Every structure is written in C-alpha cells, then in structure tokens.
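> Give me coordinates for this.
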Amino acid sequence: MMKNLPNEVNIDILKYLKVEQLFSVQQTNKYFYVLIDDHKFVLARMNFYTIYFHVPSKRELTSNQNNQEKHYFPLINKWKSLTKLPSFELKKKVDKLIKMNFYYFQWHTAIKQHMPVLLRTCKYTKFTICVSKNIGEIYRRYYFRIPNIPGNIEHMLVIRQWLEILFNCTYEIVFFYELINPELIKLLFEDNKRIPFQFNIKQRCAIFCKNCSCESLLDFSLNHLKIGECLQLDFNGVWNIEENTENLFNLLINERAKFKEICYTRLEESTLYDMIIKLHVGPRTSHFLFGQPKPEELYKPKPELYDFELSEQLEKKWKDAIKKSIPMYITIINNDITGNVVLCSEKG
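Alright, predicted model coming up:
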C-alpha cells in the first residue's frame, strides 16, 4: 500500500518509526531499502553512549603477534562488527566513481600521497573504531577496523561508508584522543553535499589530541561536530597555535552560536589572553570565567571563577599567570551573552 503513496508521504510516515522498525521495513524490498537509505538523515538514528578511536600501542601489537597476554588487550583480539547496519554493493559504487572522472582522479591522488584517516604524525597502519551503548544494565561495545592509510579505491569506499554511518548516529558524550582527517572527509563526500558530515553529540565533547596542528583542530571542531552542551579543546601537544590566535578568538566569540559552551584548557598563548582583556561585552562584564584547573579537573574543569572586569587588578592577575606560564582555562557561556560584541585591539 505504501508504495502507491508519494515519497514525501512515505517519509512522513517513516519518521514515526524507531531504528529497529526502520531496519525491518528496509529489508522488505528494494524500494524501501533505497527510500530509507536516501532519507536516513531525517529519520530516527541509532544512539550510542560514546565513540572513540583506539590506536594499538607497540606493546599491544607485539603481544598480539606473539600470542601472549591476550587477556590484557581485548580491543585487539575481540573484534566485533555492527551487524545491523545495511551493506552496500561495492562494485556498483566503484563503477559509478569511475564514471565521475574528476573524483576518481582525486581519490587516486590521495591514495598515492598516503593520506591518513587519523591526524597523527605517526601513520599507523590500522586502528579500531569503538562505539558503546547501554542496553538495560548491560554495557556493550562494538568494534570495527578500517585501514588508516587507504591502499586502493575499495578502501576509500569502505571508509566513506563507515563514516556516513557514524555521522548518522547520535552519541551522549565523546572524548576524542584521535581526530578524523578533515581533508579526507571533504574529499570522500565532495560529490554529496546533502550529507551533514558531523558527529552528533547530545551532551559534552572534549578533544585531547596530541601531535596535530591548530588549523586541523579548529577545522574539525567547526565543521564536523554538532554538540548539545559543551565543547572542550585541550591544547597540550597542539602546535602552530601562535599563527591561529585570531581563529581561536573567532571560535570563542563569533562562532558561539554553534556551541552552548566552549572551554579552552592548557592554552598558554599570551596573545589570546591579551585580546580577551581588550574585549567589551555589552553592559555586562561577568561573561568570561577563568582560573587554574587542577590536573583531575582537566576532563571536567571546575576552576575557581572570577568576574571579568576591565580593572588593573584583574589585568595584572592575568598577566602574572601568563608570565609564569600557568595553564589557563577559558570558557564562554552562550546563554549568558547579550548585546553586541566589540573587539578593541591596540598595536604595540
């Protein structure tokens, strides 16, 4: 009966179904498989508690090869897959890509240049993506492995398929210790502008990624994250910060509509603090909060808070902290900001 209805009507009906029900309907025939797959980003999404990328250490790899200490490293030895996710026909996608000569050439160029999936200076050959969810009182994890350096077009298509699936899920809270390469995401989905290339995080997201550039960190945060509450960026091990001071400030001020709250931790760039000291926010002055977090608070900072006022005492406190290289915490809460923002910068 539903096949006789317009697609728009069928989509409105399908919006009332849960993920498991959508999966059952999708398996009935080719029409519903294609219809649900084409409109999956407006239908119910699979929800997980968290997602993280596990890169095996040398000890893990060695113990796995020697068949020793397996019980210490379950992430390496007990691979599982998300079996309830629809597969795709690889050959058809390769043939379609070949017809689109421009994208086919770009993908081959990326393969020859060994473009990595993860942003790290050490290009590991393999890593694991783990998603977890609570089913009643049971905590379940699902692992799947993709190559970090795509070796052929088939690898690129597999990576694209899994990223599309991950972007179509929701997560409660996420801690990123590894980041997906923003350049690779743009390359893989350049021919499909309708897909939102974002991780959908309901609550809080914190990024603790070492050995990555500040540009890549900001690119990933602005373009590939959709967060319900707080975004925390930790700058320990992030390089090229000084050249991106204006971009950091732009994220903190001008891009605040995308995030309810933004936190910077372990940022020791004095220029950014100087710019904030020169900032006036409407008639109110207590929107910026800062302090010195304890080590155990870096994952969920609860610093001593100070009202932001343009006073000599406060400015001296900030500059003393900068001079002593005290790691600082900056947060701006979107809901508290009213009025126009004016930046008064002075030369010299």
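
> Show me what residue 206 bridges to in the sheet.
residue 175, residue 232 (DSSP bridges).

> top helix in this structure by residue count?
When the chain is parsed with DSSP state H, its longest helix is helix 153-167.

> Summarise which helices and strands the following helix or strand past that one is packed against.
Downstream of helix 153-167, the next assigned helix or strand under DSSP states H and E is strand 170-171. Applying 3 or more C-beta pairs under 8 Å, 6 or more residues apart in numbering; DSSP states H and E, one finds that strand 170-171 contacts strand 47-48, strand 199-201. To be clear about C-beta, it is placed using only N, CA and C from the backbone, and glycine gets the same treatment.

> Could you list the residues in contact with strand 170-171?
Contact with strand 170-171 is made by 45-51, 131, 199-202, as judged by C-beta atoms under 8 Å, 6 or more residues apart in numbering.

> Can I get stretch 16-24 as CSV, trimmed to CA atoms?
Taking Å, rounded to 0.1, in the frame of the first residue of the first chain, the C-alpha atoms of stretch 16-24 are listed here in CSV:
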residue,chain,number,x,y,z
TYR,A,16,7.4,7.8,13.4
LEU,A,17,9.3,4.6,13.4
LYS,A,18,12.2,3.6,15.6
VAL,A,19,15.6,2.5,14.3
GLU,A,20,14.8,-1.2,14.7
GLN,A,21,11.5,-0.8,12.9
LEU,A,22,13.1,1.1,10.1
PHE,A,23,15.6,-1.7,9.7
SER,A,24,12.8,-4.2,9.4
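
> residues of it that come out buried?
Using 16 or more other C-beta atoms under 10 Å as the test for burial, stretch 16-24 gives 22-23.

> Identify all contacting residues around it.
Against stretch 16-24 from outside (C-beta under 8 Å, 6+ apart): 14, 25, 36, 43-47, 84, 86.

> tell me the mean pLDDT over that stretch?
Taken as a whole, stretch 16-24 has an average pLDDT of 81.

> Does anything pack onto the helix or strand hosting residue 264? Which helices or strands?
In this assignment (DSSP H and E), residue 264 forms part of strand 261-267. Here strand 261-267 touches strand 230-234, helix 245-253, strand 328-333, going by 3+ C-beta pairs under 8 Å, 6+ apart.

> Save these as a markdown table, and put in distance to residue 264, mean pLDDT and mean neighbour count too.
What follows is these, written out as a markdown table (distance: least, C-beta to C-beta, whole Å; pLDDT from 0 to 100; neighbours: other C-beta atoms under 10 Å):
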| stretch | distance to residue 264 | mean pLDDT | mean neighbour count |
| --- | --- | --- | --- |
| strand 230-234 | 6 | 87 | 23 |
| helix 245-253 | 7 | 81 | 18 |
| strand 328-333 | 5 | 54 | 21 |
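
> got these as CSV, with distance to residue 21 columns?
Below are these laid out as CSV (distance: least, C-beta to C-beta, whole Å):
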stretch, distance to residue 21
strand 230-234, 33
helix 245-253, 39
strand 328-333, 39
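
> Indicate which one of those is closest to residue 29.
Set against residue 29 and scored by C-beta to C-beta, the helices and strands packed on strand 261-267 come closest in strand 230-234, at 42.2 Å.

> Can you list the neighbours in contact with the closest one?
203-209, 217, 221, 225, 259-266, 298, 301.

> Quick check on the residues you listed: which are buried?
Using 16+ other C-beta under 10 Å, the buried members of the contacts of strand 230-234 are 204-209, 217, 221, 225, 259, 261-266, 298, 301.

> where's residue 16 relative to residue 45, distance?
Going from residue 16 to residue 45 by C-beta to C-beta, to the nearest Å gives 14 Å.

> and if you look at residue 202?
Distance, residue 202 to residue 45, using C-beta to C-beta: 11 Å.

> same deal with residue 265?
When residue 265 is compared with residue 45 (using C-beta to C-beta), they lie 30 Å apart.

> Could you do residue 7 as well?
Using C-beta to C-beta, we find residue 7 at a distance of 20 Å from residue 45.

> Just want to know which of these two has more residues nearby.
residue 45 (15 against 11; other C-beta atoms under 10 Å).

> That one touches residue 169, doesn't it?
Yes: judged on C-beta atoms under 8 Å, residue 45 makes contact with residue 169 at a distance of 5.6 Å.
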